[in-house]
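**Q** Need the 3D shape of this:
(one chain, ligands or ions: 2)
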Amino acid sequence: MLTYLSEQHLLHAPTHEFFRGALVPCHETPSRLNSVQAALQASGRHRLLAPELDSRALLVRVHTPRYLHFLEHAWDEWLALDPANAGRQPWPSTWPVRSLRADREPREFSARLGLFSFDSGTPLSSGTWAAAKAGADAAFSAAARLLSGRERAVFSASRPPGHHAGADFMGGYCFLNNAALAAQALLDGGCARVALLDVDYHHGNGSQSLFEARADVLYVSLHGDPATEYPFFLGHADETGVGEGNGYTLNLPMPAGTNAATWFAALETACARVLEVGAEALVVSLGLDAYEGDPISRFGLSSADFARLGARLYGLGLPTLFVLEGGYATAQLGLNALAVLDGFERT
Ligand code: Q9C
Ligand code: ZN
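**A** Ligands and ions are numbered 1, 2, ... in the order given. The predicted model follows:
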């Protein structure tokens, strides 16, 4: 499968995240995508390309100008506060939750980082913007390839991931919503309706928030029940869309510990809805953290199950754009991504 992967992802390399009050090594690391790159190359079955398109004009179709401006200049502003900040990670100081105003952008840096974040678990590094932008370029390039009509499927191997990022917020290791950008590019390229199927262990709150009031994108997600799993504050079954988008959000939360049989039954529900709404293209938010060996997730999919997932999605008969999301069992991540692609291509 044609795969877009930018070496620029290496530039996003924060070192620590918060976990239960302590700093622990980041789960979302450059070695994740190195694992995917190595597995695809070693297979000899997939062609890796650097992104050839600039997503700049597409970014403002999904994200707000003030958020994009902040993200692009955040590291320079952090350094301007103190040159010693080069060796430190910035953290949000204050979040505009209920009763506080999000319409006024404070001048203070850490407060602005709070304005544009919904959690304390999304560390920035010097190359975060460059890496995230290159990941968006990969998603945009993949969408353009799919629109050319010569490929049945394309893979955007982007990192950092994207599905927790909304119009004006980062979170859950995500900055730019690569899958949402791909879906928007497919719509802009002539698709009347796109289905965005999110199989990451975590609910894609950013993606849902972007599309819940629209009928041109069906958002359907299989994920850990937000009652116990991140991102906790969205992803319940009673969220079915808003206004014109009523009926075009489908959440299929499952309890931590869910096995493959239950998961694939939910996948059938998701696939039926994708076909029912007449989607002309499929974007897959391909998180691989539903894997049984994932260190921060609690579903029971095996590597063979990922091949079964790929084969089932092939059966939908739609032009398909895979976008990498989470998956933190780094040593197995490449083989699990390969299993999905090979399952899809029946090789
Ligand atoms: N210390 C994606 O999979 N919380 N994001 C983890 C563990 C955040 C996952 C806590 C999980 C975010 C794209
Ligand atoms: Zn995830």
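
**Q** ok, which residues in the protein are in contact with ligand 2?
**A** 200-202, 287, 289, 326 (Cβ under 5 Å from the ion). For the C-beta atoms, the positions are set from N, CA and C on the backbone; glycine is no exception.

**Q** check the residues you listed against ligand 1, which are close?
**A** 200, 202, 287, 289, 326 (Cβ under 6 Å from any ligand atom).

**Q** excluding its backbone neighbours, what's nearest the second one?
**A** By that I understand His202. In space, His202 comes closest to Tyr230 once its chain neighbours are excluded; the distance is 5.3 Å by Cβ to Cβ, 6 or more residues apart in numbering.

**Q** Find the least confident helix or strand in the chain, judged by mean pLDDT.
**A** strand 16-19 (a mean of 92; mean pLDDT, DSSP states H and E).

**Q** What pairs with the following helix or strand past it, parallel or antiparallel?
**A** Using DSSP states H and E, the helix or strand that follows strand 16-19 in sequence is strand 22-25. As defined by DSSP bridges, the strand partners of strand 22-25 come to strand 16-19 (antiparallel).

**Q** which other residues reach the partner strand?
**A** 23-27, 89, 120-123 (Cβ atoms under 8 Å, 6 or more residues apart in numbering).

**Q** Max pairwise distance over those residues: which two?
**A** Greatest spatial distance among these (Cβ to Cβ): Pro25 and Ser120, at 16.0 Å.

**Q** ok, those two, which is more surrounded?
**A** Ranked by neighbour count (other Cβ atoms under 10 Å), Pro25 and Ser120 place Ser120 first, with 15 against 10.

**Q** who touches that one in this structure?
**A** By Cβ under 8 Å, 6+ apart, Ser120 lies in contact with 18, 91-92.

**Q** Buried ones only from those, please, as a ChimeraX command.
**A** Applying 16 or more other Cβ atoms under 10 Å to the contacts of Ser120, the buried members can be selected in ChimeraX as follows:
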select :91,92
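
**Q** which one among the contacts of Ser120 gets closest to Ser207?
**A** Scanning the contacts of Ser120 for proximity to Ser207, where the rule is Cβ to Cβ, the winner is Pro92, at 21.7 Å.

**Q** Can you verify that closest one is assigned to a strand?
**A** No - according to DSSP: H, G, I helix; E, B strand; the rest coil, the state of Pro92 is coil, so it is not within a strand.

**Q** Identify the residues contacting Thr330.
**A** Counting by Cβ under 8 Å, 6+ apart, the residues that Thr330 touches are 29, 31-32, 35.

**Q** Just the buried ones from those?
**A** Buried subset of these (neighbour count, 16+ other Cβ under 10 Å): 29, 32, 35.

**Q** Could you pull out the buried residues of the helix or strand encompassing the last one?
**A** Applying DSSP H and E as the criterion places Ser35 in helix 30-43. Neighbour-count burial for helix 30-43, with 16+ other Cβ under 10 Å as criterion, is recorded at 30, 32-37, 39-40.

**Q** Please export the C-alpha coordinates of stretch 112-127 as CSV.
**A** The C-alpha trace of stretch 112-127 is given here as CSV (Å, rounded to 0.1, in the frame of the first residue of the first chain):
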residue,chain,number,x,y,z
ARG,A,112,-2.4,30.4,26.8
LEU,A,113,-1.1,26.8,26.7
GLY,A,114,-4.0,26.0,29.1
LEU,A,115,-6.5,27.8,26.8
PHE,A,116,-5.4,25.6,23.9
SER,A,117,-5.2,22.3,25.9
PHE,A,118,-7.7,20.0,27.5
ASP,A,119,-5.2,17.9,29.5
SER,A,120,-1.8,18.1,31.2
GLY,A,121,-0.6,15.0,29.3
THR,A,122,0.4,16.5,25.9
PRO,A,123,4.0,17.6,26.1
LEU,A,124,5.6,19.9,23.5
SER,A,125,9.1,19.9,22.3
SER,A,126,11.2,22.2,20.0
GLY,A,127,10.1,20.4,16.8
